[in-house]
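Q: Sequence and predicted structure, then a few things I'm wondering about:
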Amino acid sequence: MQTTTATFESALKKLEETVDKLEEGSIPLDEALTTFESGVRWSRECKKFLENAEQRIETILKNENGEYEQKEFVLDK
């Protein structure tokens with residue numbers, strides 16, 4: 001199952017849908033385990049988006065004049 005998404009919002013929506021499905025409690029154990037595994041992957045996907053956002057924020061630094069400037073962020077893949 002591919003879990004890569006284009007946006008944080010779409011990954012979060014998939015995670016929420018997964019949690020809702022598990023919370024219903026009406027699916028068989030085997031399907032619940034598979035759904036749980038999917039949820040873990042969506043959770044990790046969301047975490048990656050948040051970590052990347054944090055890195056982008058950290059690239060904003062003060063320059064030698066004490067003013068803030070934004071540096072280009074390059075994502076390490």
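A: Alright, I've got the coordinates. Residues are numbered from 1 along each chain as shown.
Q: Let me know the distance separating residue 56 from residue 34.
A: Between residue 56 and residue 34 the computed distance is 34 Å (CB to CB, to the nearest Å). Placement of C-beta: from N, CA and C, glycine included.
Q: Same question for residue 63.
A: Distance of residue 63 to residue 34, computed by CB to CB: 51 Å.
Q: what do you get for residue 45?
A: Spatial separation of residue 45 from residue 34 under the definition CB to CB is 17 Å.
Q: So which of these two has more stuff around it?
A: When neighbours are counted by other CB atoms under 10 Å, residue 45 and residue 34 differ, and residue 45 comes out ahead with 19 against 13.
Q: tell me how far the host helix or strand of the more buried one is from the chain's mean position?
A: Remark: residue 45 resides in helix 29-58, with elements defined by DSSP states H and E. In terms of CA atoms, centre = their mean, to the nearest Å, the centre of helix 29-58 is found 5 Å from the chain centre.
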